[in-house]
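1. pasting the structure only:
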């Protein structure tokens, strides 16, 4: 080798080492520069952790061939926000890489993708602290929790990535162990577990046999930690389970992973509104204490009810005290210092103070959540045979014990009435037995559900005081004592065990703006409240109230609707009531099909009245059919002190009409539809019918029967052209007041005329529309469907002794907008021989 060759090798070696050294130097970059925002945006949408995301930080570089002797990619995946890559090292350990740059695309409905709403949702990823997993891992050590050990690296454009280079090359990624993968059994990092499994496998085992159990104290300890660090995103995929085998049973210890939602902040005016209890309540701001314990723990609510159902309040207090004792001020500070120093200077002090405050409030906040999940408790057996003993030996107290063959106890808890109202025990498979002991007064709602197998329902007592135990089974080998059990032999799928059964009560405040030519601008303010009840779906009951005011008439009113599911077997109970106040106004142009305006404007035909009504009923809904029967009561008063048409001789009304009148009767409704409940209906048929029999309680000779019905159908003429038609009629038999007559006009089936323009004993109408969808647009601000429609209406009324062949015609056209295909707005101009008017409304006319 000559000197030139040697010199070349030397220079090449130096250059190679230099390049390799340069390629291994830390890379300084922000975790997410896209979250930068001005003051206006942060005021409305939140400051969050934007500064932490946009601040450059020096990150070490990771070459996969240097990780534990070398690593190769196995499989790409991804959760709701980040993309992930499973890798396997030469030492046989599986890891996962997750991108720091997150995306919310998978959670955004298709119709919203690419819009400003999509961009806003993506921007709100800044609510999470980019480096929270680093600090959370350190704090988990302080309270002796099993956890993964995340680290953040810059991944260069490494050929080892192979087909995954486009996604992961030149990206910031978080690296952590994948304990449920290969190589982590009997490893000190995870407690030398015999095996580590995912949630699906764990559930399979615990439902297979009650010998296999989750360590509830260990699970509670992790969940208390979640509350301290404000980690709301604890769904089933965020857990893996260290498994310890002992003869014929297995014990599962939880390992929490993917802590990227810890320390959540939801400041900003709009986001504050979007995270109220009636919207996205799980996104709770990191206050000094938990304001909404249901919301903060919402995602994990089913796991919590399953795996903390045996723990008493004293055991909760013990675990809370343990967390408060071991998560010291020093350990919190040390954990926050585990984050990059560049971001510690931004929010380090805030996090230390908030975490310290939340730890100090944990006894109060934790026990509030204990009260929530202890109110209704669900206990389950397995596919094997179990024996459940329910002991009522002390007033206001019940003990439930679960025994395996051989009398090994797998469950025991003593419940007190002031904490627990409802206990549901599911035997599931096997030949289970349910035995009642003791006869102390009992006010618990206790249900036992045998499930599959030949189950027994036994008692050591002749009778018990208080409520009987409700039993549910498809077949009883022997009839349980009716002094102990209230048996239900009508087994229903509603009564089968559902692991994801927890649904909370819900309420929603409403503001309802509206406009029409008769009332002017109107506003309604209301509230919907929905209560959950066991065995009823989709809720136990729902009630709503609304107060409304119309600017055009000065009228105000009150409305109420209540629906109580499965009150009478499978039939619902419903109640509707309303009151329309002193300035409530409607129109009356006189009886007949050819009433004239005689030069008056519409205000001359307005009637001021008071009106109150309510109607209780029983109803039931099938897939295509709705049926209801009910009673009704109404009182009405028409103001006689008004110089309007209604008080003129031309109205031909009896003076008794202007007194308060009371009515009562029965009513019914039958609807059938094949038209899907969609905003843009393209095909189907809908039939509606109803009747009411009404007795004038002040005038015994005035009774009436009113019948009504309509038929609608929708048919696609072309791909984007829909023909829609409705025909309807109504009639009255008997004597009635003028405000009980059948009317057409305006939003009462005949566009182009004022409301209630024609009034009579009987009525007929037809509405025909052609709806043309011009475009499905995908703008950045709004997207959906836009189109035109043309309509043609006609109708008439009949009264006795009038001979008229006139059919009143209304016609016109307008535009419609279906924003995000979730709602409909229509604007049309209607014409008739009398007038023309512009009407803006929500939804199509029919």
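-> Structure received. Because the structure is a prediction, the values reported are computed rather than measured.

2. can you pull out the strands in the stretch 201-350 of the chain?
-> Taking DSSP state E, counting those that start in this stretch as the test, the strands found in the stretch 201-350 of the chain are 213-214, 239-246, 249-256.

3. ok, and what's touching the last one?
-> Same thing as strand 249-256. 140, 145-148, 179, 190-191, 193, 196-197, 202, 205-206, 209, 211-215, 218-219, 222, 225-226, 231, 234, 238-244 (C-beta atoms under 8 Å, 6 or more residues apart in numbering). (Each C-beta comes from the backbone N, C-alpha and C, glycine too.)

4. what is the rounded mean pLDDT of it?
-> Average pLDDT, strand 249-256: 95.

5. repeat that for the shortest one.
-> Per-region confidence: strand 213-214 scores 97 on mean pLDDT.

6. how far out from the middle of the chain is that strand?
-> 29 Å (C-alpha atoms, centre = their mean, to the nearest Å).

7. i'd like the first residue to be 362 from this point on
-> Okay, residue one is now 362; in that scheme the one you just asked about reads as strand 574-575.

8. which residue is nearest the middle of this protein?
-> The chain has residue 640 as the residue nearest its centroid, 7.6 Å off, counting by C-alpha atoms, centre = their mean.

9. would you report the backbone torsion angles of that one?
-> Dihedral pair for residue 640: phi -120, psi -110, per degrees, to the nearest 10.

10. follow-up on the earlier one: save the strands of the stretch 562-711 of the chain as CSV, and put in distance to residue 976 and mean neighbour count too.
-> Shown next, in CSV, are these (distance: least, C-beta to C-beta, whole Å; neighbours: other C-beta atoms under 10 Å):
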stretch, distance to residue 976, mean neighbour count
strand 574-575, 50, 20
strand 600-607, 50, 20
strand 610-617, 52, 22
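
11. how about JSON lines for those, with distance to residue 1009 added?
-> Formatted as JSON lines, the strands of the stretch 562-711 of the chain follow (distance: least, C-beta to C-beta, whole Å):
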{"stretch": "strand 574-575", "distance to residue 1009": "80"}
{"stretch": "strand 600-607", "distance to residue 1009": "77"}
{"stretch": "strand 610-617", "distance to residue 1009": "78"}
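
12. looking at those, which is closest to residue 862?
-> strand 574-575 (17.3 Å; C-beta to C-beta).

13. does anything pack onto the closest one? Which helices or strands?
-> helix 560-569, strand 610-617 (3 or more C-beta pairs under 8 Å, 6 or more residues apart in numbering; DSSP states H and E).

14. the bottom helix or strand of the chain by mean pLDDT?
-> helix 364-384 (a mean of 45; mean pLDDT, DSSP states H and E).

15. helix or strand next in line after that helix, which one?
-> Moving toward the C-terminus from helix 364-384, the first helix or strand encountered (DSSP states H and E) is strand 388-390.

16. average pLDDT for that next one?
-> Across strand 388-390, the per-residue pLDDT values average to 96.

17. low-confidence bits of the stretch 812-961 of the chain, can you list those?
-> The stretch 812-961 of the chain contains residues with pLDDT under 70 at 838, 850-856.

18. what does the stretch 1012-1161 of the chain give?
-> In the stretch 1012-1161 of the chain, residues with pLDDT under 70: 1140-1142.

19. those strands in it, which residues are they?
-> Under DSSP E, counting those that start in this stretch, the stretch 1012-1161 of the chain gives strands at 1022-1034, 1045-1057, 1064-1079, 1082-1095, 1103-1105, 1119-1121, 1123-1139, 1144-1159.

20. how deep is the closest residue to residue 915 other than its chain neighbours tucked in, by neighbour count?
-> In space, and not counting its chain neighbours, residue 915 is closest to residue 944: 4.3 Å by C-beta to C-beta, 6 or more residues apart in numbering. By the criterion of other C-beta atoms under 10 Å, residue 944 has 16 neighbours.

21. also residue 1101?
-> 20.

22. check contacts around the residue lying closest to residue 564 once chain neighbours are set aside.
-> Of all residues beyond its chain neighbours, the one nearest residue 564 is residue 860 (7.2 Å), with distances taken as C-beta to C-beta, 6+ apart. Going by C-beta under 8 Å, 6+ apart, residue 860 touches 564, 663, 667.

23. columns pLDDT, neighbour count and distance to residue 1076 on top of those, output as a markdown table?
-> Converted to a markdown table, these look like this (pLDDT from 0 to 100; neighbours: other C-beta atoms under 10 Å; distance: C-beta to C-beta, whole Å):
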| residue | pLDDT | neighbour count | distance to residue 1076 |
| --- | --- | --- | --- |
| 564 | 97 | 17 | 48 |
| 663 | 96 | 18 | 45 |
| 667 | 96 | 20 | 50 |
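
24. okay, now residue 535: neighbour count?
-> So residue 535, with other C-beta under 10 Å, has 23 neighbours.

25. correct me if wrong: it contacts residue 513.
-> Yes - taking C-beta atoms under 8 Å as the definition, residue 535 is a contact partner of residue 513 at 5.4 Å.

26. give me the common contacts of the two.
-> residue 461.

27. which parts of the stretch 712-861 of the chain are helices?
-> 723-736 (DSSP state H, counting those that start in this stretch).

28. with the stretch 512-661 of the chain instead?
-> 526-529, 560-569, 577-590, 630-635, 654-657.

29. out of those helices, flag the one nearest residue 1068.
-> helix 630-635 (46.7 Å).

30. which of the contacts of strand 610-617 are buried?
-> In the contacts of strand 610-617, burial by neighbour count holds for 501, 506-509, 540, 551, 554, 557-558, 563, 566-567, 570, 572-576, 579-580, 583, 586-587, 592, 595, 599-605, counting by 16 or more other C-beta atoms under 10 Å.

31. distance across stretch 794-814, terminal residue to terminal residue?
-> End-to-end distance for stretch 794-814: 10 Å, by C-alpha to C-alpha, to the nearest Å.

32. now do that stretch: distance to the chain's middle.
-> The answer for stretch 794-814 is 32 Å, by C-alpha atoms, centre = their mean.

33. neighbours around residue 785, how many?
-> Residues near residue 785, counting by other C-beta under 10 Å: 21.

34. hang on, it packs against residue 895?
-> Yes - using C-beta under 8 Å, residue 785 is in contact with residue 895, at 6.8 Å.

35. list residues touching both of those two?
-> Joint contacts of residue 785 and residue 895 (C-beta under 8 Å, 6+ apart) are 737, 808.

36. so what's the nearest residue to residue 948 once chain neighbours are set aside up against?
-> In this structure, residue 948 finds its nearest non-sequential neighbour in residue 1117, 4.3 Å apart by C-beta to C-beta, 6+ apart. Counting by C-beta under 8 Å, 6+ apart, residue 1117 makes contact with 947-950, 1104-1107, 1109.

37. repeat that for 7 Å
-> If you count contacts by C-beta atoms under 7 Å, 6 or more residues apart in numbering, residue 1117 has them with 947-949, 1104, 1106, 1109.

38. from those residues, which two are the most distant?
-> Among the contacts of residue 1117, 949 and 1109 lie farthest apart (C-beta to C-beta), at 12.7 Å.
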